[in-house]
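Visitor: sequence first, then the predicted structure:
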Amino acid sequence: MRRAAAAVALFVGLTTVAACGPDDPAPGADSKQAAPGASGAAPATGDGSGTAPAPAPTKGGAPRPDGTITVAFAGDVHFEGRTESRLSVKAPDTALGPIARTLEGADLSVLNLETAITGRGAPEAKTYTFRTSPKALSVLKDSGVDVVSMANNHAVDFGADGLADTLAAKDSSPIPVVGVGHNAKEAYAPYVTTVRGVKVAVVAASQVEDITNQKWRAGADKPGIASALDVPALTKAVEAAKQQAPVVLVYLHWGEEGKACPTSAQQAVAKKLAGVGATAVVGTHAHTMVGSGMLGTTYVGYGFGNFLWYGTSNYANSNETGVTTLTLTADGKVKGEAFTPATIDDKGIPQPVTGATAANALKRRDGLRGCTGLSPAPAAAAAPAGG
């Protein structure tokens, strides 16, 4: 088991999470076309089995007496511009800085990697394109991340060659990557693992209406991303995941950039997935935090914001971020929620905040729930025993 979380966990009765890598006209940072040390190796061939790669869990631990587990979520990550150098940090530092201790301290942690993994290919016809090296997956693992979503509007920024390399990186990744695949069966497939005796499934998809979802949506014999615009396909994937695990976590790329309230499309899909048993439906894309809380018994986080961020953004409050940690029961119920607030510094790193700054961040975050139609999540009064 990794070291216990040292970051201060501040507890509230709601959650926010939103920020996605820009696509169309996105935040005001310069796009990079050069690949930061990305590999140009020939792609590996996937088996298209529909089963997400399942490396051994990076965290261990016996079941807790109360049967609970903790799951941490964070927002969008880039290794471009001012954060490219985070690929080369030396221990004891990590790519994500000190907040990595909060991700490490959870039994399972999930975030979004907002980039293609390639050194080849021509950029797509869009304002912003991003790419990085396969090393990104290793440094995220070393930062306490257990599962990476790549169902987003930048996973296929460099066309067919870039997608082939991204899938090759997924095939050899030291941690599971969900939401992209050699075909639709694989892209929608859950990552299923056992955490402290509790079976957990993670599904990912993108709801962003853009060139990636139009041109690079995975099909029966076509590689690409899992699409949340195909609501029946996503619903079927979540139903199938529920047959495999009592805890089903759905990480979506969704929302409207710069908007701190959920869209009607977000609310509709959240309701649909809650109806088929999702434990949590969360995600990013807005470049600002969006409200979160409970939709019946399902936790919904409409936007976690930017996390490790490559450049500046013109959107209000775009440097506000943090890690949301849920305490879940063995049968998939939400027992508690904690939030560790952070601010993105001038190097793009999410730095935990404390004192009055943290109190103000929690107050603002709590207020974001007002336009969501969600009820407050139960507060996590104390860290679960046995960590």
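Guide: In hand now; what should we look at? Owing to the predicted nature of the structure, the values given are computational and were not obtained by experimental measurement. Numbering: from 1, shown residues only.
Visitor: how about low-confidence regions in the stretch 251-387 of the chain?
Guide: Within the stretch 251-387 of the chain, the segments meeting pLDDT under 70 span 381-387.
Visitor: show me the strands in it, by range?
Guide: All strands of the stretch 251-387 of the chain, identified by DSSP state E, counting those that start in this stretch, fall at 280-284, 290-295, 298-303, 306-308, 320-328, 334-344, 350-352.
Visitor: adding distance to Leu108 and mean neighbour count, write these out as a markdown table.
Guide: Glycine gets a C-beta too; all of them are placed from N, C-alpha and C. Putting those into a markdown table (distance: least, Cβ to Cβ, whole Å; neighbours: other Cβ atoms under 10 Å) gives the following:
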| stretch | distance to Leu108 | mean neighbour count |
| --- | --- | --- |
| strand 280-284 | 11 | 31 |
| strand 290-295 | 18 | 26 |
| strand 298-303 | 14 | 30 |
| strand 306-308 | 17 | 30 |
| strand 320-328 | 9 | 28 |
| strand 334-344 | 14 | 24 |
| strand 350-352 | 19 | 23 |
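Visitor: out of those strands, which gets nearest to Ser85?
Guide: Ranking those by their distance to Ser85 (criterion: Cβ to Cβ) puts strand 306-308 first, at 11.4 Å.
Visitor: what segments of the stretch 201-350 of the chain are helices?
Guide: Counting by DSSP state H, counting those that start in this stretch, the segments of the stretch 201-350 of the chain that form helices are 211-215, 231-244, 264-275.
Visitor: those helices into TSV, with extra columns for distance to Glu124?
Guide: As requested, those are exported to TSV (distance: least, Cβ to Cβ, whole Å):
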stretch	distance to Glu124
helix 211-215	6
helix 231-244	23
helix 264-275	23
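Visitor: nearest to Ala204, out of those?
Guide: For the helices of the stretch 201-350 of the chain, the distance to Ala204 is smallest for helix 231-244, at 9.5 Å, taking Cβ to Cβ.
Visitor: hmm, back to that, mean neighbour count and distance to Val110 added to the helices of the stretch 201-350 of the chain, as CSV?
Guide: CSV is the format used below for the helices of the stretch 201-350 of the chain (neighbours: other Cβ atoms under 10 Å; distance: least, Cβ to Cβ, whole Å):
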stretch, mean neighbour count, distance to Val110
helix 211-215, 17, 20
helix 231-244, 18, 14
helix 264-275, 19, 16
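Visitor: so which of those helices is nearest Gly255?
Guide: Go through the helices of the stretch 201-350 of the chain one by one with Cβ to Cβ and the one that ends up closest to Gly255 is helix 264-275, at 5.8 Å.
Visitor: what inclination does that closest one have with respect to strand 298-303?
Guide: For the pair helix 264-275 and strand 298-303, the angle between their directions (axes from the mean of the first three to the mean of the last three Cα atoms, to 10 degrees) equals 150 degrees.
Visitor: output the contacting helices and strands for helix 264-275.
Guide: Contact analysis of helix 264-275 by 3 or more Cβ pairs under 8 Å, 6 or more residues apart in numbering; DSSP states H and E lists helix 231-244, strand 247-253, strand 280-284, strand 290-295, strand 298-303 as its packing neighbours.
Visitor: quick check: which of these is nearest to Lys90?
Guide: Lys90 lies closest, by Cβ to Cβ, to one member of these: strand 280-284, at 28.4 Å.
Visitor: circling back to that earlier point, out of the helices of the stretch 201-350 of the chain, nearest to Pro378?
Guide: Checking the helices of the stretch 201-350 of the chain against Pro378 by Cβ to Cβ gives helix 264-275 as the closest, at 16.4 Å.
Visitor: helix/strand/coil for the residue most central in space within the chain?
Guide: The centroid of the chain falls nearest to Leu111 when counting by Cα atoms, centre = their mean (2.6 Å). For Leu111, the reduced secondary structure class is strand; criterion used: DSSP: H, G, I helix; E, B strand; the rest coil.
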